[in-house]
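Novice: any chance you can model this:
(3 chains)
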Amino acid sequence: MVEKLISEGLLRTTKVGRIDDKCDLSLPLVVVNPRKGEIEVSASHRVSLVVWHDDAKECTLTIRLAPHTQLSLTEVYASEKYASLTIEQGEASECNVTTVMLRGAHSAYETLLNAPHSSFTMNSAVVATGFDHAQLSLVTRHNVADCKSDSTVKSVASGRAVAEFKGLVYVAQDAQRTDAKQLNRNIELGYGRVVSEPQLEIYADDVKCSHGSTVGQLDEQAIYYMRQRGISKESAERLMLEGFVGDVVAKCDIEPLAEMLYEALQKRLNE
Amino acid sequence: MLKIKNLHASVDGKEILRGIDFEVKAGEVHAIMGPNGSGKSTLASVIAGHSKFEIEADELSFDGEDLRTMSIEERARKGLFLGFQYPVEIPGVTMANFMKIAVNEQRKSRGEEPLTAAEFLKMMREKAKVVELDAKMTARAVNEGFSGGEKKKNEIFQMAMLDPKLAILDETDSGLDIDALRIVATGVTKLHTPQNATVVITHYQRLLDYIVPDFVHVLYKGKIIYSGDKSLALKLEKEGYDWLINDYKE
Amino acid sequence: MKEQNIDIKTTIEESDYKYGFTSDIDTEFIPKGLNEGVIRLISAKKEEPEWMLELRLKAYRHWLTLKHPTWGHLDIPEIDFNDIIYFAAPKKKKQLASMDEVDPELKATFDKLGIPLEEQKVLAGVAVDAVLDSVSVKTTFQKELAERGIIFCPISEAIREYPELVQKYLGSVVPYADNFYAALNTAVFSDGSFCYIPKGVRCPVELSTYFRINAQGTGQFERTLIVADEGSYVSYLEGCTAPQRDENQLHAAVVEIVVERDAEVKYSTVQNWYPGDKEGKGGIYNFVTKRGLCKENAHLFWTQVETGSAITWKYPSCVLMGDNSVGEFYSVAMTNNFQQADTGTKMIHIGRNTRSRIVSKGISAGQSQNAYRGLVKVMPKAENARNYSQCDSLLIGDRCGAHTFPTVDCRNSSAQLEHEATTSKISEEQLFYCNQRGLSTEDAVGLIVGGYAREVLAKLPMEFAVEAQKLLSISLEGSVG
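Specialist: Below is the predicted model of the structure:
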């Protein structure tokens, strides 16, 4: 899928390594099927990076954000695979992650907020259908004071698929004034199974931490509302599902990629 | 257009509508009033086809067709519009997408070609003017984060888009300030033609200053206990329902 | 403002263990250590039937194959299970015929603790099965209960008197192989309570049991079995305060509840065992397995107020097997100084239209660690299951920890489950506001904590709610500079 965007000149391929002001950042960068390595972000402007997975090889990545840098990361799982990504954030750095999981991958994120005033946001959409087993784990470590994190992971489990979320917000002692939110929302259809573990581990008292987890179905009232406007029940349900995960894709800062992902999600949901 | 004879409706064994006779003809405007819990919203939901209710009736038809055999969306495509008292939020689904599907489904059911994107956008811009709705709203998710007034305007905007034969507006005036009320009510009046009909369900006379009804009905304990012309609404506003309720002995 | 922070901390930390005294009661011991001989001895001392001894031995042999669990968010010192005395009974002078014959020391202990064992309690409408160490000493109200066919007696007595009932239900909810401590408890349990409410009977009084740990170096292994037969109702209260000790003491109780069709059981606990001193020395280890089985339309409420113990490890749970059954769990867990608590619940939805609700309020102060751990599981056939969970944490001071470890496992797509958690602290603004209105910091903290826990306290039976409120404020009591 991603080759199309590259060949159309909408994304520029790159390798793991250093992303600084010497790099040509006129286009969003993309790394396809990385295996192992470190990415250092030290550019003075916001960096837009895509990590694209469509093979089955294991992946272990570390991304370091230098102080005062900004990164928008879009990670796409178009294949089943095991991957882990560690993000280390420097002072006042900002990292926005959008994850789209189209297949039953196992993806483990660990974000280390190691310097004050850094912020991390994540929006993830997981679609597990058929016999998929999708797992997304997210550990957010507030190791110092005055950092912010806000994560939302949305999953759909249908067919006989399993969608699993393992979340942990860790707030170290003295990481005062931490502001951490973690939300996991799931829609379960057919014989799907949802497992959700949204954990908090807090060792500081002046903090604002909340988490939530829901498992449910499509809102019946909303479906009634749409049918009253003449939309068939099937279309209404599909629209709602697309809207549920589409919200996540809308957060992706690369428009043609967002469109492509939205279509891919639609296709997956209709399988 | 709408014919209801001896309609009973119950939910979980509790009877809410207890023998309603009600007829609406083209070109008419009806107002249904009544104290809380009298069954006004239930009547609207039953006509729209909500599956929560158990229905019995001698007749429940729309343009000569039995409504009972039709799904919610079939009724809607035939030109039955329900303006919701509490419009539902649908996260992630934009107004534009939502309306495009609704309009085209209606066209398909009539054997018409779907609108092109350009035609549709033009139509949206025009109809948005009816209720002074900011066209940017159509890029937002359905009702999500809308204020009370915006939600109600949005209902009338959708009514304009779908151009129904019969619009039932359930407490469209509730929660509106005076400016929003004027905009919403004027919108409804603009859409009124001799070919269509409107039923407004309301608590207050003030809406009827804008939307002048031909008939006013009082619903009480699941029955229409009194019908009159627009002066009835004024009398109710002044004297309340007690004189009617006291008159009415089961 | 900084100064005020210290105030809160001293307020919390300097509150002393109010019920910390020991009484001198003549106690009969079995020597330390655990082997089949000890188990046979316990069984013989209790004049148990053969099947009970068999069950104990089976459990013991299974226990030998198990390792001590490590999954809790707890720092548990290694326990030498051969350094524990598994049986201690107050020496009977002779068969007791009246109150006058009860050991005066024992009576005095109860009186000091404010437990109305005697007439006033009877008048207050509460039957008391007082457990001192391991043997039930006195049971009141037997007759009134007997008239309704209600059985409420020490479980050792029930094993002798109602063997069919006990054999049918014992281990049916918590089998001996369930976990490490359930196996240990089944092997060596000393005593506990048995309660049977016959079909259609509403138990007219709140049944209550006071557990004490009294003899030094004595492990206490309580076993409680409650059976509410079809259409019956009972409210059961369990409360504990234990005298101060330097040496760690192990408590591993098992509570089993069977709630038959259309029956309702309320199980309320106020737990205030010795938590150890300000340096974290001593204190009770409280490792409990509590579980109820709900049949069709059955309703089980767990309510707990946990302020004591050095380490608390317990998860009162509901197995919602029958259609339309309901499980509820309300908990306040307060930890201070070096206390550790890992507590919560499990709601297992098996039947259709099953409902559960979880409200957990954790309060951490000092250098304590307080964790909520929960499981909501919806099995494939549990159509229309519903759960709502709310887990809040309140932190007092910056050296404590508050943790939330929920797990949701949903295998039916008609389920609707919701989990929410928040963390908060007592803000300086709140204290300043209260101080400005003339409240002392101590009162203000008590007030705020009371308000925070109110939703749970309100679920306790009246007389218990008062006691629980008292416990929370005792834990917060101290000098304010």
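Novice: all contacts plus neighbour counts: C-alpha atoms, from now on.
Specialist: Fine.
Novice: near chain A, which residues of chain C show up?
Specialist: C:395-425 (CA under 8 Å from any CA of the partner chain).
Novice: scratch that, chain B
Specialist: B:48, B:50, B:72-77, B:81-82, B:87-93, B:101-103, B:105-106, B:162.
Novice: what does the residue of chain A found nearest chain B show for phi and psi?
Specialist: Of all residues in chain A, the one sitting closest to chain B is A:Gly243 (3.7 Å; CA to the nearest CA). The phi/psi pair for A:Gly243 (degrees, to the nearest 10) reads phi -70, psi -40.
Novice: give me the neighbour count for it.
Specialist: 21 (other CA atoms under 10 Å in any protein chain shown).
Novice: leaving out the residues flanking it, which one is nearest to it?
Specialist: B:Gly92 (3.7 Å; CA to CA, 6 or more residues apart in numbering or on different chains).
Novice: C:Ile159 too?
Specialist: C:Val166 (6.1 Å).
Novice: that neighbour contacts C:Glu157, correct?
Specialist: No. Contact criterion CA atoms under 8 Å: C:Val166 and C:Glu157 do not qualify, at 10.4 Å.
Novice: between the two, point out the one with more neighbours.
Specialist: Neighbours of C:Val166 and C:Glu157, each counted by other CA under 10 Å, are more numerous for C:Val166; the result is 22 against 19.
Novice: report the secondary structure state of the more buried one.
Specialist: helix (DSSP: H, G, I helix; E, B strand; the rest coil).
Novice: residue boundaries of the strands in the stretch 1-150 of chain A?
Specialist: A:12-13, A:17-19, A:29-32, A:36-41, A:47-53, A:59-65, A:70-77, A:82-89, A:94-101, A:106-113, A:119-128, A:133-142, A:148-157 (DSSP state E, counting those that start in this stretch).
Novice: turn those into CSV, including distance to C:Asn185 and mean neighbour count.
Specialist: Below are these laid out as CSV (distance: least, CA to CA, whole Å; neighbours: other CA atoms under 10 Å in any protein chain shown):
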stretch, distance to C:Asn185, mean neighbour count
strand A:12-13, 63, 17
strand A:17-19, 58, 16
strand A:29-32, 57, 20
strand A:36-41, 51, 17
strand A:47-53, 52, 22
strand A:59-65, 46, 19
strand A:70-77, 49, 23
strand A:82-89, 43, 21
strand A:94-101, 47, 24
strand A:106-113, 40, 21
strand A:119-128, 43, 24
strand A:133-142, 37, 24
strand A:148-157, 41, 24
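Novice: any chance of those in a markdown table, plus mean pLDDT and distance to chain B?
Specialist: Formatted as a markdown table, the strands of the stretch 1-150 of chain A follow (pLDDT from 0 to 100; distance: least, CA to the nearest CA, whole Å):
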| stretch | mean pLDDT | distance to chain B |
| --- | --- | --- |
| strand A:12-13 | 92 | 30 |
| strand A:17-19 | 92 | 34 |
| strand A:29-32 | 95 | 27 |
| strand A:36-41 | 94 | 32 |
| strand A:47-53 | 96 | 23 |
| strand A:59-65 | 96 | 30 |
| strand A:70-77 | 96 | 19 |
| strand A:82-89 | 97 | 28 |
| strand A:94-101 | 97 | 16 |
| strand A:106-113 | 97 | 25 |
| strand A:119-128 | 96 | 13 |
| strand A:133-142 | 97 | 22 |
| strand A:148-157 | 96 | 12 |
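Novice: may I see these arranged in CSV, with distance to A:Lys208 as well?
Specialist: Formatted as CSV, those follow (distance: least, CA to CA, whole Å):
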stretch, distance to A:Lys208
strand A:12-13, 39
strand A:17-19, 33
strand A:29-32, 35
strand A:36-41, 29
strand A:47-53, 29
strand A:59-65, 24
strand A:70-77, 24
strand A:82-89, 20
strand A:94-101, 19
strand A:106-113, 16
strand A:119-128, 14
strand A:133-142, 12
strand A:148-157, 10
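Novice: out of those strands, which is closest to chain C?
Specialist: strand A:148-157 (9.0 Å).
Novice: does chain C have contacts with the closest one?
Specialist: No. Using CA under 8 Å from any CA, strand A:148-157 stays clear of chain C, coming no nearer than 9.0 Å.
Novice: tell me the helix or strand right after that strand.
Specialist: strand A:162-171 (DSSP states H and E).
Novice: briefly note if that following strand comes near chain C.
Specialist: No. Strand A:162-171 stays clear of chain C (CA under 8 Å from any CA), getting no nearer than 8.8 Å.
Novice: what is the mean pLDDT for that strand?
Specialist: The predicted model gives strand A:162-171 an average pLDDT of 96.
Novice: contacts for that strand?
Specialist: If you take CA atoms under 8 Å, 6 or more residues apart in numbering or on different chains as the criterion, strand A:162-171 is touched by A:126-128, A:131-143, A:153, A:155-157, A:178, A:180, A:182, A:184, A:192-204.
Novice: partners of residue 85 in the sheet?
Specialist: Answering for chain A, as no chain was given. Here A:Leu85 shows beta-bridge partners A:Leu61, A:Tyr109, assigned using DSSP bridges.
Novice: looking at chain C here, not the other one
Specialist: Going by DSSP bridges, C:Ile85 forms beta bridges with C:Thr218.
Novice: how many neighbours does it have?
Specialist: Count around C:Ile85 with other CA under 10 Å applied: 20.
Novice: and it, how far from C:Gly366?
Specialist: In this view, C:Ile85 and C:Gly366 are 32 Å apart by CA to CA, to the nearest Å.
Novice: does the residue nearest to C:Phe152 when sequence neighbours are not counted have beta-bridge partners, and which?
Specialist: Using CA to CA, 6+ apart and skipping the chain neighbours, the partner closest in space to C:Phe152 is C:Cys195 (4.5 Å). C:Cys195 has these beta-bridge partners by DSSP bridges: C:Phe152, C:Ile226.
Novice: so C:Cys195 sits against C:Leu225, correct?
Specialist: Yes. With contact defined as CA under 8 Å, C:Cys195 reaches C:Leu225; the gap is 6.3 Å.
Novice: and B:Ile129, what does it touch?
Specialist: Actually, residue B:129 is Lys rather than Ile. Contacts of B:Lys129 (CA under 8 Å, 6+ apart): none.
Novice: does it belong to a helix, a strand or coil?
Specialist: helix.
Novice: next: B:Gly27.
Specialist: B:Gly27 - assigned by three-state DSSP - is coil.
Novice: surely it is in contact with B:Thr189?
Specialist: No. Look at B:Gly27 against B:Thr189 with CA under 8 Å: they stay out of range, at 11.7 Å.
Novice: sticking with B:Ala31, tell me its helix or strand.
Specialist: strand B:29-33.
Novice: and the helix or strand following that strand with strand B:29-33, angle?
Specialist: Using DSSP H and E, the helix or strand that follows strand B:29-33 in sequence is helix B:40-48. Taking axes from the mean of the first three to the mean of the last three CA atoms, to 10 degrees, one finds helix B:40-48 and strand B:29-33 inclined to each other by 130 degrees.
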